[in-house]
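just a sequence and a predicted model for now, questions to come.
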Protein chains: 2
Amino acid sequence: MLPGVGVFGTGHTVRVLVPLLREQGFPVQALWGRSQEEAESVAQELNIPFSTNQSDDVLLHPDVHLVCIHTPPPHTRQIAVKALGKMHTTLKGGHEVSADAMQMVAAARYYPQLLSIMGNALRFLPAFVLMKKLLDEGYCGKLQVCEARVYGGSLLSQSYGWAWEELMGGGGLHTIGWCIIDLLSHLIGSRALRVHGMLRTFVGRAGGGIRSVTADDYACFQMLMSGGVVCSVTLNFNLPGSAHHEVMAVGSAGRLVARGTELWGQRHCDQREELLLSDKAGAGPAVRGLVAMVTQLRLAFEAQEDRRSWARPPVAMAASFEDGLYVHAVVEAVKRANRSGEWESVEVMTQEADSNHNQLTAAH
Amino acid sequence: MLPGVGVFGTGHTVRVLVPLLREQGFPVQALWGRSQEEAESVAQELNIPFSTNQSDDVLLHPDVHLVCIHTPPPHTRQIAVKALGKMHTTLKGGHEVSADAMQMVAAARYYPQLLSIMGNALRFLPAFVLMKKLLDEGYCGKLQVCEARVYGGSLLSQSYGWAWEELMGGGGLHTIGWCIIDLLSHLIGSRALRVHGMLRTFVGRAGGGIRSVTADDYACFQMLMSGGVVCSVTLNFNLPGSAHHEVMAVGSAGRLVARGTELWGQRHCDQREELLLSDKAGAGPAVRGLVAMVTQLRLAFEAQEDRRSWARPPVAMAASFEDGLYVHAVVEAVKRANRSGEWESVEVMTQEADSNHNQLTAAH
C-alpha cells in the first residue's frame, strides 16, 4: 500500500502533481497553503480532505507519510532550514529541543523521504537520468563545460503575486534557475565554488502598466565548479510561443545534449550526432520530470512491505534539503555577483560552525 | 572593368578567397605574406604574379586598386593602425608626413575601398543582411538581448604556428570572436561599453603533447552595449564534427535567429517560427559570407565606369579600419576581464587625444 501524501504549495505545479500522484495510487491527504483561505480553496478544488497554513499540521498529520514541497522559494528555504535546524540540534542532543521539534525529527527519522522529495523533478527526467549515467561511465571523457539554456514566455502570473517580486522569490533565476543549478550540480557531481552573473528585468511593468515588476526575466550566469568544470546558464522569458530547454555537457571525448525531453550524443569518433533517448510524451521537461518522479516514488514504495519505508535506489537521486540549501546559496551568490559585477563565492548557510555540518560546505 | 586586387595573408581564408575573386572576374595581382618565402610559395600555388613581405609594396602596387586583408589578428591591427595613423596625420596637415605616407594617403583617398574591406565577411552573409534590415524596420520591437554561439572542432593548425599562441593572436576569441563582436555591433548599430568574460584552454598540449598551447579553445563573454542591449557570446572549439553557428536577437515584439546560413523569425503575435531566408548553399557562414562579399564587390564596381571608384551602398556595410580598432579594443577588454574577474571598459585606442578622433570612442 502506498503512503499518504502531504503537499506544500498551491501553485501550478501542485495542480499538475496532485492528479499525477492519484494516477499512480498515492492518496493525497493534506495540503499546506500560505493562508488558510488559499489552502482551503485549492484543497476543495483538488478534493484534498485536509488543509492548513501550519506546516507542522502537515508534517505531523497521522495519514501523511510522504511530503512534497512545491512552494515559492522563500517558503521552501524556511521549511528546509527549520527541518535541518531541528534535526541538527537533536542529533547533538542539545537542550533547546521542543516537543514539536522532537516529533518533527522523529518523523524525519522514521520517514526519511520527508527530506528527500523537494523541488526539482528534472533529475528524474529519463533524458537526464541517462545523461548522468553516461557521464559517470565516461561517454564525454573528462568533462569541460556544461551549458544550459531555457527560453520561454513570461513567468508572471496573470494577477499580481509573488512571481512579480524579486524579494518574494519571483523571477527566472529563483524558479527555473534553481532547478537548473540543482540539475547541473547533480549531473556533474560537484558543486559551484564561484559564480558570476547578470540579471535583467526587461518587462518592468505589468498589470496594464500599473504595477512595477522587480523579478528578472533574463538571467545569464556562469559557475566554476569544484573539479574545474565551467557551467554557463542562460534563461530568457521574453520568448512567448517558444519552449526551448537545452542542457549540454562537453568533454574531452564527446558531448551529450538534452533537448527538451530527448537525449542526443556524439563522441569525437562519431561521424554524426545520435539520438540516445527519444521521449515524445508531448509534455515539457518539467511535467515529464514530475511524471517520472511520481512513478519512481511508486516503484520505491511498492518494493517495500511497510508503507513507511522505501527502497533507496530509485529515489536516492532526489534533491535533499541540504541540496536545497546549497542551491539557495548559489542563487544568492548570483544575485550578489549581479550587483557587484565580480565573481562571488558560494557560501552555504550553516546553522552552526560545527564539524557535523561539513557536508554543507560548497566543496563536497 | 574590375580593379586589380592585392591580398594580405597566406592562410586558409586566402586560399578560399582568391578563387572566389577570380570567379567574379577580379584579377588578383599581388600577395603579402609574413615572410618572403611564405609569400612566394603561396603566390606560386595560387598563381599570383607578385609577392612580397613589405605591406607598402602591395598598397602602392600600380595594378592594385583594392586590398583584402586576411592576416593573423596582430598584423591586421598593425596595418589598420598604420594606415589610420598616417591618414589622420595627413588630414591634419602635420609635418611628420613621409613621402611613403603621402602616397599611402593619396591611395587611400583615391581608392577608399582600401579602407573598407577588412576582416569580416559575415556582415555580407544574406541571412545577416536581412536580419539587419528587419531589425532596423522594427521586426523585434525594442531590442533586448543578442546571443551568439559558435561550436566547432579545434582551431589549431596541424603544425605549430600562430594559432597555438594567445600572444600571437591565436584562439577562438581573437579569430571567431573578432567576427562575432563586429557582426553583433553592426547588427545592433551600437558599440560595447563594458564587457565581462571567461577564457579557457582545455586542450593545453598539442603536437603529440610536446608543445603547450596558450590560445583559448573556449570563450564565454558578455557585452553591455550603448543603448542597453545585452550580448552574450559562447565559443567552443572542443566539438569536432559539429559546425554550429547561431546568432539570435530578442526584442519586445519578437526574435530573429540566424542558424548557419538560414534566417528564422517569430513575432510575439505569430503561432510559430517562420523561415525568412533559406540559403542551402552547402557552405558554412564564413565561406558563404566571402562569396556574398565578393559578389557585392563586383556589383559595386560594375555600377561605375571608372575601375578606381565604386558605388557606395553595396559595400558601405563592410567593416572599416575604425571598426577594426573598436573590435580590437573589445577583444582586449574581454582578455582583461578574464584576468581581473570584473567588468572592464572598452577603451578604443586613439593615436592622439584629438577632436578629429571622436568617432573612435566606444559610444558613438
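Happy to help now that I have it.

from here on, just use CA atoms for contacts and neighbour counts.
Fine.

can you map out the strands along the stretch 201-350 of chain A?
Ranges of strands within the stretch 201-350 of chain A are A:205-206, A:211-212, A:218-225, A:230-236, A:244-251, A:254-259, A:262-267, A:274-277, A:344-345, based on DSSP state E, counting those that start in this stretch.

pairing partners for the third one, with directions?
The one in question is strand A:218-225. Strand pairing for strand A:218-225, determined by DSSP bridges: strand A:192-200 (antiparallel), strand A:230-236 (antiparallel).

residues of the stretch 201-350 of chain A that sit close to chain B?
A:202, A:220, A:232, A:238-241, A:250-252, A:254-255, A:268, A:270-272, A:341-343 (Cα under 8 Å from any Cα of the partner chain).

out of these, which end up buried?
Neighbour counting with 16 or more other Cα atoms under 10 Å in any protein chain shown marks A:202, A:220, A:232, A:238-241, A:250-252, A:254-255, A:268, A:341-343 as buried within those.

quick check: the gap between A:Gly33 and B:Ala249.
40 Å (Cα to Cα, to the nearest Å).

show me what contacts A:Val230?
A:144-146, A:222-224 (Cα atoms under 8 Å, 6 or more residues apart in numbering or on different chains).

farthest pair in these?
A:Gln144 and A:Gln222 (13.3 Å; Cα to Cα).

quick one: the helices in the stretch 251-364 of chain A, in order.
Along the stretch 251-364 of chain A, counting by DSSP state H, counting those that start in this stretch, helices occupy A:285-302, A:312-316, A:321-340.

hmm, A:Gly241 is touching A:Tyr151, no?
No: with contact defined as Cα atoms under 8 Å, A:Gly241 does not reach A:Tyr151; the gap is 9.6 Å.

which residue does the stretch 251-364 of chain A have closest to chain B?
A:Glu342 (5.0 Å; Cα to the nearest Cα).

which residues of chain A score low on pLDDT?
A:71-119, A:158, A:281, A:304-316, A:320-321, A:349-364 (pLDDT under 70).

domains in it, as residue ranges please.
Using automatic domain parsing, the domain ranges for chain A come out as A:5-120+A:287-316+A:347-363, A:123-283.

what does the stretch 51-200 of chain A put close to chain B?
A:Gln144.

for the residue of chain A most remote from its centre, what are its contacts?
Within chain A, the residue lying farthest from the chain centre (Cα atoms, centre = their mean) is A:Gln271, at 36.1 Å. Neighbour list for A:Gln271: B:Gly241 [criterion: Cα under 8 Å, 6+ apart].

phi first, then psi, for it.
Dihedral pair for A:Gln271: phi -70, psi -40, per degrees, to the nearest 10.

okay, and the beta partners of the closest residue to A:Ser232 other than its chain neighbours?
Excluding the flanking residues, the one nearest A:Ser232 by Cα to Cα, 6 or more residues apart in numbering or on different chains is A:Gln222, at 4.4 Å. For A:Gln222, the beta-bridge partners are A:His196, A:Ser232 (DSSP bridges).

ok, A:Ala148 next?
Applying DSSP bridges, one finds that A:Ala148 bridges with A:Val233, A:Val247.

who's in contact with it?
A:180, A:231-234, A:245-248 are the contacts of A:Ala148 under Cα under 8 Å, 6+ apart.

same check on A:Glu38?
Counting by Cα under 8 Å, 6+ apart, the residues that A:Glu38 touches are A:Thr10.

can you report how many residues lie near A:Leu66?
26 (other Cα atoms under 10 Å in any protein chain shown).

my read is that it contacts A:Phe8, right?
No: applying Cα under 8 Å, one finds A:Leu66 not in contact with A:Phe8, separated by 11.0 Å.

adding distance to B:Ala286, write the helices of the stretch 251-364 of chain A out as a markdown table.
As requested, the helices of the stretch 251-364 of chain A are exported to a markdown table (distance: least, Cα to Cα, whole Å):
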| stretch | distance to B:Ala286 |
| --- | --- |
| helix A:285-302 | 35 |
| helix A:312-316 | 48 |
| helix A:321-340 | 35 |
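
quick one, which of these is nearest to B:Ala39?
Between the helices of the stretch 251-364 of chain A, helix A:321-340 lies closest to B:Ala39; by Cα to Cα that is 49.5 Å.

which parts of the closest one are buried?
Buried residues in helix A:321-340 (16+ other Cα under 10 Å): A:321-338.

how distant is it from the center of its chain?
In this view, helix A:321-340 has its centroid 13 Å away from the chain centroid, taken as Cα atoms, centre = their mean, to the nearest Å.

elements contacting that helix?
The contact analysis (3 or more Cα pairs under 8 Å, 6 or more residues apart in numbering or on different chains; DSSP states H and E) places helix A:321-340 against helix A:73-91, helix A:178-188, strand A:192-200, strand A:344-345.

could you give the angle of it to helix A:178-188?
Per axes from the mean of the first three to the mean of the last three Cα atoms, to 10 degrees, the angle that helix A:321-340 makes with helix A:178-188 is 120 degrees.

contact partners for the residue of the stretch 251-364 of chain A closest to chain B?
A:196, B:341-343.

and which of those is nearest B:Gly189?
For the contacts of A:Glu342, the nearest to B:Gly189 is B:Trp343 (21.6 Å; Cα to Cα).

what sits against the closest one?
Taking Cα under 8 Å, 6+ apart, one finds A:341-342, B:194-196, B:337 in contact with B:Trp343.

who does the nearest residue to A:Ile69 once chain neighbours are set aside bridge with?
Leaving aside its sequence neighbours, A:Ile69 sits nearest to A:Phe8 (Cα to Cα, 6+ apart; 4.6 Å). Following DSSP bridges, A:Phe8 is listed with bridge partners A:Trp32, A:Ile69.

now do the same contact list for A:Phe8.
A:31-33, A:67-71.

A:Gly25 now?
Contacts of A:Gly25 by Cα under 8 Å, 6+ apart are A:2, A:298.

A strand includes it, no?
No: judged by DSSP: H, G, I helix; E, B strand; the rest coil, A:Gly25 forms no part of a strand; its state is coil.

any idea how far B:Arg191 is from it?
59 Å.

again with A:Ala253
Counting by Cα to Cα, the gap from A:Ala253 to B:Arg191 is 38 Å.

counting neighbours, go ahead and name the busier of those two.
Using other Cα under 10 Å, the more surrounded residue of A:Ala253 and B:Arg191 is B:Arg191, with 26 against 18.

okay but the more buried one is in contact with B:Ser185, surely?
Yes: using Cα under 8 Å, B:Arg191 makes contact with B:Ser185 at a distance of 5.5 Å.
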